[in-house]
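In: model this:
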Amino acid sequence: MTLTPIELLTANAPATRPVVSLSEGSDPRIVAGALAAHKAGLADVILVGPQAEVEAALQAEGASASDGVAIHDPATSDLTEEFANVYFELRKHKGVDEAKARAAAETPLVYAAMLVRTGRATGTVGGAVHTTGDVVRTAIQVIGMAPDAGMVSSFFLMYPPENAQPGARAMLYSDCGLVIDPSAAELAKIATASATSARALLQTEPKIAMLSFSTKGSAKHPAVDKVIEATETLRANAPDLQVDGELQFDAAFVPSVGARKSPGSDVAGQANVMIFPNLDAGNISYKITQRIGGYSAIGPVMQGLAKPANDLSRGCSAEDVTQIIAVTILQAAGTK
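Out: I've put the predicted structure just below:
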(Lines give C-alpha, C1' and ligand atoms only; values in the text may rest on other atoms or scores of the structure.)
Protein backbone atom coordinates (compact mmCIF):
# COMPACT_ATOMS: atom_id res chain seq x y z
CA MET A 1 0.00 0.00 0.00
CA THR A 2 1.39 3.41 -0.98
CA LEU A 3 1.89 5.69 2.01
CA THR A 4 0.01 8.99 2.16
CA PRO A 5 2.07 12.21 2.45
CA ILE A 6 1.53 12.36 6.21
CA GLU A 7 2.58 8.71 6.60
CA LEU A 8 5.67 9.29 4.42
CA LEU A 9 6.79 12.24 6.53
CA THR A 10 6.06 10.44 9.80
CA ALA A 11 8.23 7.53 8.66
CA ASN A 12 11.00 9.69 7.18
CA ALA A 13 11.15 13.00 9.01
CA PRO A 14 13.57 15.52 7.44
CA ALA A 15 16.78 16.17 9.37
CA THR A 16 16.01 19.90 9.36
CA ARG A 17 12.58 20.92 10.61
CA PRO A 18 10.61 22.40 7.68
CA VAL A 19 8.66 25.65 8.07
CA VAL A 20 5.37 26.23 6.24
CA SER A 21 3.71 29.64 5.98
CA LEU A 22 -0.09 29.78 5.91
CA SER A 23 -1.56 32.93 4.41
CA GLU A 24 -5.00 32.57 6.03
CA GLY A 25 -3.78 32.22 9.59
CA SER A 26 -7.02 33.20 11.30
CA ASP A 27 -9.23 30.65 9.52
CA PRO A 28 -10.28 27.95 12.02
CA ARG A 29 -9.56 25.10 9.55
CA ILE A 30 -6.10 26.47 8.81
CA VAL A 31 -5.31 26.82 12.49
CA ALA A 32 -6.55 23.32 13.36
CA GLY A 33 -4.71 21.74 10.42
CA ALA A 34 -1.51 23.63 11.14
CA LEU A 35 -1.58 22.69 14.81
CA ALA A 36 -2.10 19.03 13.86
CA ALA A 37 0.90 19.18 11.51
CA HIS A 38 3.03 20.73 14.23
CA LYS A 39 1.87 18.25 16.89
CA ALA A 40 2.66 15.34 14.54
CA GLY A 41 6.18 16.68 14.08
CA LEU A 42 5.73 17.37 10.37
CA ALA A 43 6.66 21.05 10.40
CA ASP A 44 6.86 24.33 12.23
CA VAL A 45 4.18 26.74 11.04
CA ILE A 46 3.82 30.48 10.53
CA LEU A 47 0.25 31.74 10.69
CA VAL A 48 0.00 34.96 8.67
CA GLY A 49 -2.76 37.44 9.42
CA PRO A 50 -3.97 40.12 11.84
CA GLN A 51 -2.39 39.42 15.22
CA ALA A 52 -5.58 39.62 17.29
CA GLU A 53 -7.58 37.45 14.89
CA VAL A 54 -4.91 34.74 14.73
CA GLU A 55 -4.52 34.75 18.50
CA ALA A 56 -8.29 34.34 18.90
CA ALA A 57 -8.33 31.44 16.44
CA LEU A 58 -5.50 29.75 18.32
CA GLN A 59 -7.24 30.32 21.64
CA ALA A 60 -10.37 28.66 20.26
CA GLU A 61 -8.23 25.55 19.67
CA GLY A 62 -6.77 25.73 23.17
CA ALA A 63 -3.40 26.88 21.84
CA SER A 64 -1.22 29.97 21.57
CA ALA A 65 1.88 31.13 19.77
CA SER A 66 4.91 29.13 20.87
CA ASP A 67 8.12 27.57 19.60
CA GLY A 68 7.19 26.18 16.22
CA VAL A 69 3.87 28.05 15.99
CA ALA A 70 4.51 31.67 15.06
CA ILE A 71 2.21 34.58 14.19
CA HIS A 72 3.25 37.12 11.56
CA ASP A 73 1.06 40.20 11.10
CA PRO A 74 2.09 41.88 7.82
CA ALA A 75 0.76 45.22 9.08
CA THR A 76 3.29 45.29 11.93
CA SER A 77 6.04 42.83 10.97
CA ASP A 78 9.66 43.96 10.83
CA LEU A 79 9.97 42.00 7.57
CA THR A 80 7.29 43.88 5.64
CA GLU A 81 9.56 46.70 4.46
CA GLU A 82 12.11 44.18 3.13
CA PHE A 83 9.34 42.29 1.37
CA ALA A 84 7.98 45.52 -0.13
CA ASN A 85 11.40 46.30 -1.58
CA VAL A 86 11.71 42.79 -3.05
CA TYR A 87 8.20 43.01 -4.51
CA PHE A 88 8.97 46.42 -6.05
CA GLU A 89 12.05 45.04 -7.81
CA LEU A 90 10.07 42.05 -9.05
CA ARG A 91 7.10 44.01 -10.36
CA LYS A 92 8.33 47.51 -11.29
CA HIS A 93 8.48 46.49 -14.94
CA LYS A 94 4.72 46.00 -14.68
CA GLY A 95 4.19 49.54 -13.41
CA VAL A 96 4.15 48.75 -9.68
CA ASP A 97 5.47 51.73 -7.70
CA GLU A 98 6.82 51.70 -4.15
CA ALA A 99 3.46 52.54 -2.58
CA LYS A 100 1.72 49.68 -4.39
CA ALA A 101 4.58 47.35 -3.47
CA ARG A 102 4.17 48.26 0.20
CA ALA A 103 0.41 47.64 0.00
CA ALA A 104 1.01 44.28 -1.66
CA ALA A 105 3.57 43.22 0.97
CA GLU A 106 0.97 43.87 3.66
CA THR A 107 -1.43 41.36 2.11
CA PRO A 108 -1.18 37.92 3.70
CA LEU A 109 -0.87 36.05 0.37
CA VAL A 110 2.12 38.08 -0.79
CA TYR A 111 3.70 38.13 2.67
CA ALA A 112 3.42 34.33 3.05
CA ALA A 113 4.92 33.81 -0.41
CA MET A 114 7.74 36.23 0.41
CA LEU A 115 8.63 34.11 3.43
CA VAL A 116 9.25 31.29 0.95
CA ARG A 117 11.09 33.41 -1.63
CA THR A 118 13.48 34.76 1.00
CA GLY A 119 14.19 31.33 2.50
CA ARG A 120 12.33 31.85 5.76
CA ALA A 121 9.78 29.16 4.92
CA THR A 122 9.98 25.86 3.05
CA GLY A 123 6.67 26.37 1.28
CA THR A 124 3.33 28.11 1.60
CA VAL A 125 -0.33 27.05 1.64
CA GLY A 126 -3.45 29.14 0.94
CA GLY A 127 -6.83 28.99 -0.73
CA ALA A 128 -9.22 28.22 2.12
CA VAL A 129 -10.46 31.80 1.73
CA HIS A 130 -8.75 33.16 -1.40
CA THR A 131 -9.57 32.04 -4.92
CA THR A 132 -7.34 29.70 -6.90
CA GLY A 133 -6.60 32.56 -9.28
CA ASP A 134 -5.29 34.75 -6.47
CA VAL A 135 -3.19 31.95 -4.97
CA VAL A 136 -1.64 30.91 -8.29
CA ARG A 137 -1.04 34.47 -9.48
CA THR A 138 0.74 35.41 -6.25
CA ALA A 139 2.89 32.27 -6.32
CA ILE A 140 4.01 32.92 -9.90
CA GLN A 141 4.71 36.60 -9.27
CA VAL A 142 6.55 36.20 -5.96
CA ILE A 143 8.09 32.71 -5.95
CA GLY A 144 8.40 32.31 -9.70
CA MET A 145 8.51 29.26 -11.92
CA ALA A 146 11.16 26.57 -11.82
CA PRO A 147 13.80 27.26 -14.51
CA ASP A 148 12.96 24.17 -16.55
CA ALA A 149 9.17 24.11 -15.98
CA GLY A 150 7.87 26.54 -18.56
CA MET A 151 4.41 26.57 -16.94
CA VAL A 152 2.52 25.93 -13.73
CA SER A 153 0.04 23.07 -13.62
CA SER A 154 -1.73 21.02 -10.97
CA PHE A 155 -2.50 17.44 -10.00
CA PHE A 156 -4.39 15.26 -7.57
CA LEU A 157 -3.01 12.31 -5.65
CA MET A 158 -5.50 9.46 -5.78
CA TYR A 159 -5.34 6.71 -3.14
CA PRO A 160 -7.45 3.52 -3.38
CA PRO A 161 -9.83 2.53 -0.58
CA GLU A 162 -8.91 -0.29 1.79
CA ASN A 163 -11.44 -2.62 0.15
CA ALA A 164 -10.23 -1.88 -3.38
CA GLN A 165 -10.24 -4.52 -6.08
CA PRO A 166 -6.93 -6.23 -7.02
CA GLY A 167 -4.88 -4.00 -9.28
CA ALA A 168 -6.01 -0.77 -7.64
CA ARG A 169 -3.08 1.51 -6.95
CA ALA A 170 -2.16 5.03 -5.94
CA MET A 171 -2.04 7.34 -8.93
CA LEU A 172 -1.35 10.92 -9.91
CA TYR A 173 -3.96 12.68 -12.11
CA SER A 174 -2.96 15.83 -14.03
CA ASP A 175 -4.10 18.43 -14.89
CA CYS A 176 -7.38 18.40 -13.01
CA GLY A 177 -7.53 21.90 -11.62
CA LEU A 178 -5.68 24.60 -13.51
CA VAL A 179 -4.81 24.41 -17.24
CA ILE A 180 -8.06 24.38 -19.21
CA ASP A 181 -7.01 23.33 -22.72
CA PRO A 182 -3.26 22.61 -22.90
CA SER A 183 -1.48 22.45 -26.24
CA ALA A 184 0.56 19.40 -27.22
CA ALA A 185 3.73 21.14 -26.00
CA GLU A 186 2.03 22.05 -22.71
CA LEU A 187 0.77 18.49 -22.22
CA ALA A 188 4.36 17.27 -22.54
CA LYS A 189 5.47 19.82 -19.92
CA ILE A 190 2.65 18.78 -17.59
CA ALA A 191 3.71 15.14 -17.95
CA THR A 192 7.36 15.95 -17.23
CA ALA A 193 6.45 17.87 -14.07
CA SER A 194 4.04 15.11 -13.03
CA ALA A 195 6.82 12.53 -13.27
CA THR A 196 8.88 14.54 -10.79
CA SER A 197 5.85 14.89 -8.52
CA ALA A 198 5.15 11.15 -8.65
CA ARG A 199 8.69 10.32 -7.60
CA ALA A 200 8.52 12.74 -4.66
CA LEU A 201 5.01 11.96 -3.45
CA LEU A 202 4.23 8.40 -4.49
CA GLN A 203 7.82 7.23 -3.94
CA THR A 204 7.69 5.21 -7.15
CA GLU A 205 8.97 5.32 -10.69
CA PRO A 206 6.38 7.04 -12.90
CA LYS A 207 4.63 5.13 -15.66
CA ILE A 208 2.93 7.85 -17.70
CA ALA A 209 -0.23 7.36 -19.75
CA MET A 210 -1.14 10.12 -22.21
CA LEU A 211 -4.91 9.70 -22.20
CA SER A 212 -7.40 10.07 -25.03
CA PHE A 213 -10.67 8.61 -26.31
CA SER A 214 -8.48 6.67 -28.74
CA THR A 215 -5.89 3.93 -28.27
CA LYS A 216 -3.16 3.57 -30.87
CA GLY A 217 -5.13 4.95 -33.78
CA SER A 218 -8.54 3.49 -32.96
CA ALA A 219 -10.05 6.92 -33.69
CA LYS A 220 -9.04 9.87 -35.83
CA HIS A 221 -9.57 13.45 -34.66
CA PRO A 222 -7.50 16.62 -34.07
CA ALA A 223 -7.93 16.02 -30.31
CA VAL A 224 -6.26 12.63 -30.72
CA ASP A 225 -3.51 14.18 -32.84
CA LYS A 226 -2.74 16.55 -29.98
CA VAL A 227 -2.14 13.67 -27.57
CA ILE A 228 0.00 11.80 -30.11
CA GLU A 229 2.12 14.92 -30.67
CA ALA A 230 2.45 15.45 -26.91
CA THR A 231 3.61 11.85 -26.47
CA GLU A 232 6.22 12.21 -29.20
CA THR A 233 7.44 15.50 -27.72
CA LEU A 234 7.73 13.96 -24.26
CA ARG A 235 9.69 11.00 -25.57
CA ALA A 236 12.06 13.30 -27.44
CA ASN A 237 12.59 15.64 -24.47
CA ALA A 238 12.72 13.01 -21.71
CA PRO A 239 13.78 9.66 -23.24
CA ASP A 240 14.40 8.19 -19.77
CA LEU A 241 10.69 8.34 -18.85
CA GLN A 242 8.34 5.40 -19.30
CA VAL A 243 5.44 6.80 -21.34
CA ASP A 244 2.79 5.49 -23.73
CA GLY A 245 0.03 7.16 -25.69
CA GLU A 246 -2.44 7.73 -26.97
CA LEU A 247 -4.29 5.43 -24.55
CA GLN A 248 -7.86 5.13 -23.35
CA PHE A 249 -8.18 4.90 -19.59
CA ASP A 250 -8.97 1.19 -19.55
CA ALA A 251 -5.88 0.48 -21.68
CA ALA A 252 -3.80 2.51 -19.26
CA PHE A 253 -5.23 0.98 -16.07
CA VAL A 254 -6.31 -2.63 -16.71
CA PRO A 255 -3.44 -5.05 -17.47
CA SER A 256 -5.48 -7.37 -19.69
CA VAL A 257 -6.89 -4.49 -21.71
CA GLY A 258 -3.49 -2.83 -21.98
CA ALA A 259 -1.89 -6.03 -23.24
CA ARG A 260 -4.56 -6.37 -25.90
CA LYS A 261 -4.72 -2.74 -27.05
CA SER A 262 -1.04 -1.83 -26.73
CA PRO A 263 0.94 -5.10 -26.79
CA GLY A 264 4.55 -4.88 -25.66
CA SER A 265 4.03 -1.60 -23.78
CA ASP A 266 5.77 -1.16 -20.42
CA VAL A 267 3.07 1.35 -19.40
CA ALA A 268 -0.27 0.09 -20.71
CA GLY A 269 -2.24 -1.57 -17.93
CA GLN A 270 0.30 -0.39 -15.33
CA ALA A 271 0.17 3.41 -15.51
CA ASN A 272 0.34 5.37 -12.27
CA VAL A 273 0.52 8.88 -13.81
CA MET A 274 -2.55 9.77 -15.84
CA ILE A 275 -2.22 12.84 -18.08
CA PHE A 276 -5.60 14.11 -19.26
CA PRO A 277 -6.02 15.98 -22.56
CA ASN A 278 -7.93 18.89 -21.02
CA LEU A 279 -9.41 20.16 -17.78
CA ASP A 280 -12.89 18.81 -18.53
CA ALA A 281 -11.57 15.25 -18.73
CA GLY A 282 -9.25 15.59 -15.74
CA ASN A 283 -11.66 17.28 -13.36
CA ILE A 284 -14.56 14.97 -14.21
CA SER A 285 -12.37 11.87 -13.95
CA TYR A 286 -10.89 12.61 -10.55
CA LYS A 287 -14.34 13.27 -9.13
CA ILE A 288 -15.75 10.04 -10.59
CA THR A 289 -12.74 8.14 -9.23
CA GLN A 290 -13.33 9.74 -5.83
CA ARG A 291 -17.12 9.57 -5.58
CA ILE A 292 -17.86 6.26 -7.32
CA GLY A 293 -14.51 4.49 -7.03
CA GLY A 294 -14.06 5.41 -3.38
CA TYR A 295 -10.54 6.78 -3.87
CA SER A 296 -9.20 9.50 -1.58
CA ALA A 297 -8.18 12.64 -3.49
CA ILE A 298 -5.51 15.03 -2.21
CA GLY A 299 -5.20 18.27 -4.12
CA PRO A 300 -5.16 20.26 -6.23
CA VAL A 301 -1.40 20.44 -5.78
CA MET A 302 0.61 22.93 -7.84
CA GLN A 303 3.76 21.97 -9.74
CA GLY A 304 6.25 23.92 -11.83
CA LEU A 305 7.13 26.57 -9.23
CA ALA A 306 10.66 27.33 -8.05
CA LYS A 307 9.58 26.53 -4.47
CA PRO A 308 6.35 24.91 -3.25
CA ALA A 309 3.11 26.85 -2.95
CA ASN A 310 -0.22 25.07 -2.79
CA ASP A 311 -3.88 25.90 -3.19
CA LEU A 312 -6.66 24.59 -0.98
CA SER A 313 -10.30 24.17 -1.86
CA ARG A 314 -12.48 26.75 -0.15
CA GLY A 315 -14.47 23.77 1.12
CA CYS A 316 -11.40 22.20 2.71
CA SER A 317 -11.29 20.54 6.12
CA ALA A 318 -8.59 20.77 8.78
CA GLU A 319 -7.41 17.31 7.72
CA ASP A 320 -7.04 18.58 4.14
CA VAL A 321 -4.82 21.38 5.44
CA THR A 322 -2.57 18.93 7.27
CA GLN A 323 -2.28 16.72 4.19
CA ILE A 324 -1.36 19.66 1.94
CA ILE A 325 1.25 20.80 4.46
CA ALA A 326 2.78 17.32 4.21
CA VAL A 327 2.64 17.44 0.40
CA THR A 328 4.35 20.83 0.41
CA ILE A 329 7.22 19.53 2.53
CA LEU A 330 7.69 16.46 0.33
CA GLN A 331 7.70 18.66 -2.78
CA ALA A 332 10.46 20.78 -1.26
CA ALA A 333 12.52 17.69 -0.52
CA GLY A 334 11.98 16.43 -4.07
CA THR A 335 13.14 19.64 -5.75
CA LYS A 336 16.41 20.08 -3.86
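
In: please count neighbours and contacts with C-alpha atoms only from this point.
Out: Noted.

In: low-scoring stretches of this structure, by residue?
Out: Along the chain, segments meeting pLDDT under 70 span 1, 13, 15, 335-336.

In: let's see that with 50 instead.
Out: 336 (pLDDT under 50).

In: ok, which stretches of it are strands?
Out: 19-22, 44-48, 69-72, 123-126, 153-159, 171-174, 207-211, 242-247, 273-275, 296-303, 309-311 (DSSP state E).

In: quick one: contacts of the fifth one?
Out: Counting by C-alpha atoms under 8 Å, 6 or more residues apart in numbering, the neighbours of strand 153-159 from elsewhere in the structure are 2, 4, 169-179, 190, 194, 286, 290, 295-304.

In: looks like Ala251 contacts Asp266 (just checking).
Out: No: in this structure Ala251 lies outside contact range of Asp266 using C-alpha atoms under 8 Å: 11.8 Å.

In: quick one: which of the two has more around it?
Out: Neighbours were counted for Ala251 and for Asp266 using other C-alpha atoms under 10 Å; Ala251 has more, 26 against 16.

In: excluding residues flanking it in the chain, which one is nearest the more buried one?
Out: Distances taken as C-alpha to C-alpha, 6 or more residues apart in numbering put Gly258 closest to Ala251, at 4.1 Å, once the chain neighbours are dropped.

In: which ones are touching the one you found?
Out: Asp250, Ala251, Ala252, Ser265, Ala268, Gly269.

In: is it possible to get CSV of these that adds distance to Thr10?
Out: Listed next are these as CSV, based on distance: C-alpha to C-alpha, whole Å:
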residue, distance to Thr10
Asp250, 34
Ala251, 35
Ala252, 32
Ser265, 36
Ala268, 33
Gly269, 31
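
In: of all those, which two lie farthest apart?
Out: Farthest-apart pair in the contacts of Gly258 is Asp250 and Ser265; separation 14.0 Å (C-alpha to C-alpha).

In: now Phe83: how far from Gln141?
Out: Noted for Phe83: a distance of 13 Å to Gln141, by C-alpha to C-alpha, to the nearest Å.

In: looking at those two, which is more packed in?
Out: Neighbours were counted for Phe83 and for Gln141 using other C-alpha under 10 Å; Phe83 has more, 25 against 14.

In: and Thr215, how many neighbours?
Out: 23.

In: tell me how far the nearest residue to it once chain neighbours are set aside lies from Val19.
Out: Closest residue to Thr215 apart from its sequence neighbours, by C-alpha to C-alpha, 6+ apart: Leu247 at 4.3 Å. Note on Leu247: its distance to Val19, by C-alpha to C-alpha, is 41 Å.

In: mind checking which of the two has more residues around it?
Out: Higher neighbour count among Leu247 and Val19: Leu247, with 29 against 24, using other C-alpha under 10 Å.

In: need the contact list for the more buried one.
Out: Ala209, Met210, Leu211, Ser212, Phe213, Ser214, Thr215, Lys216, Ala268.

In: report the central residue of the protein.
Out: Centroid-nearest residue in the chain: Val301, 1.7 Å away (criterion: C-alpha atoms, centre = their mean).

In: so who does that residue touch?
Out: Taking C-alpha under 8 Å, 6+ apart, we find Val301 in contact with Ser154, Phe155, Phe156, Asn310, Asp311, Ile324, Val327.

In: what of Val129?
Out: When contacts are counted by C-alpha under 8 Å, 6+ apart, Val129 touches Glu24, Asp27, Arg314.

In: what number of residues lie near Glu106?
Out: Neighbours of Glu106 (other C-alpha under 10 Å): 23.

In: right, and it touches Thr80 too?
Out: Yes: taking C-alpha under 8 Å as the definition, Glu106 is a contact partner of Thr80 at 6.6 Å.
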